[in-house]
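Student: Below is the structure, and that's it, no one-letter string:
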């Protein structure tokens, strides 16, 4: 049995015959003398005892479990893209057929229809490679759970800013407030995604962000204004500002007339 040797001078590794055990000789690389370890100094690793059933040749009849990779199939990808295209096409239809605004029922249907394909596609890309992915009925159930949680998170947008800022309508919030609200919703959705699919929180942020940003794009496509609508107070302030400017102009008119009169009287002298 060959002995593994490492030269302490040049750190070169090589093997020597066991007949040189315990002897001293030159290193084949640096030629400096080194001591060959004795046989009792060798570390022997014993394989664990195999108590599994054997066949007639002494080989284990048990087969190792092979890991199954979950990739985005062509069919699944086509279904996802098709569902997204259909929802956005319906959004454009509502934009031109309902100029007064999209009905609330249509908005809720859009929130629900986009969730399953986006959540399934996102998990197929973001699942933990070190863990066995969810498949079949278990994956379907987790997708449905997350598809119910994500639309509920939109309640943060629907109620919290209106309550805190005392707005008559949700879309009267500023775009800055909407941006903060969207970040909060993505953070909450990431928690739900990480808990449902057992993925990293950062992956959950990407997973939830895909859905919420897609909903924002869907709102733009359907003509729904999510923020920036002027309130009555803003309109009143604008009217007050305009009236103030009108009064200032009215005060300036006598001075302008007096200046024009003075200019007319002095013109013949010039």
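Tutor: Right, received. Where do you want to start? What you see is a predicted model; the values in this text were computed from it and never measured.
Student: Would you map the helices across the chain?
Tutor: Ranges of helices within the chain are 74-97, 104-126, 136-153, 155-165, 175-197, 201-222, 232-266, based on DSSP state H.
Student: what's the pLDDT at residue 182?
Tutor: You'll see residue 182 listed with a pLDDT of 94.
Student: burial of it, as a residue count?
Tutor: A count of nearby residues for residue 182, using other Cβ atoms under 10 Å, gives 19. For every residue, glycine as well, the C-beta is placed using N, CA and C.
Student: Could you pull up the residues touching the residue lying closest to it once chain neighbours are set aside?
Tutor: Nearest residue to residue 182 in three dimensions, chain neighbours excluded: residue 212, at 6.3 Å (Cβ to Cβ, 6 or more residues apart in numbering). The contact partners of residue 212, by Cβ atoms under 8 Å, 6 or more residues apart in numbering, come to 150, 153, 182, 185-186, 189.
Student: Look up how far residue 197 lies from the residue nearest the centre of the chain.
Tutor: Nearest to the mean C-alpha position of the chain, by Cα atoms, centre = their mean, lies residue 206 at 0.9 Å. Distance, residue 206 to residue 197, by Cβ to Cβ, to the nearest Å: 12 Å.
Student: Was I right to think the residue nearest to the centre of the chain contacts residue 122?
Tutor: Yes - with contact defined as Cβ atoms under 8 Å, residue 206 reaches residue 122; the gap is 7.2 Å.
Student: Residue 20 contacts residue 36, doesn't it?
Tutor: Yes - at 4.9 Å, residue 20 counts as touching residue 36 under the criterion of Cβ under 8 Å.
Student: Residues that sit against both of those two, list them.
Tutor: With Cβ under 8 Å, 6+ apart as the test, residue 20 and residue 36 both reach residue 3.
Student: Of these two, give the one with the bigger neighbour count.
Tutor: Neighbour comparison, residue 20 and residue 36: the larger count goes to residue 36, with 18 against 14 (by other Cβ under 10 Å).
Student: which residues does that one contact?
Tutor: Residues in contact with residue 36 (Cβ under 8 Å, 6+ apart) are 3, 5, 16, 20-25.
Student: try residue 161
Tutor: Counting by Cβ under 8 Å, 6+ apart, residue 161 has contacts 167, 170, 173, 177-178, 181.
Student: Repeat the analysis, applying 6 Å as the threshold.
Tutor: 173, 177, 181 (Cβ atoms under 6 Å, 6 or more residues apart in numbering).
Student: Looking at those residues, which one is closest to residue 228?
Tutor: residue 173 (8.0 Å; Cβ to Cβ).
Student: unless I'm mixing things up, that closest one is touching residue 227, no?
Tutor: Yes - using Cβ atoms under 6 Å, residue 173 is in contact with residue 227, at 5.0 Å.
Student: ok, those two, which is more surrounded?
Tutor: Taking neighbours as other Cβ under 10 Å, residue 173 and residue 227 compare with residue 173 leading, 24 against 18.
Student: circling back: for residue 80, state which of the contacts of residue 161 is nearest.
Tutor: Taking Cβ to Cβ as the measure, residue 80 lies nearest residue 181 of the contacts of residue 161, at 27.0 Å.
Student: State the distance from that closest one to residue 161.
Tutor: Per Cβ to Cβ, residue 181 is found 6 Å from residue 161.
Student: How about residue 89?
Tutor: Distance of residue 89 to residue 161, computed by Cβ to Cβ: 30 Å.
Student: cool, and residue 195?
Tutor: Distance of residue 195 to residue 161, given as Cβ to Cβ: 26 Å.
Student: Next: residue 94.
Tutor: For residue 94, the distance to residue 161 - Cβ to Cβ - is 24 Å.
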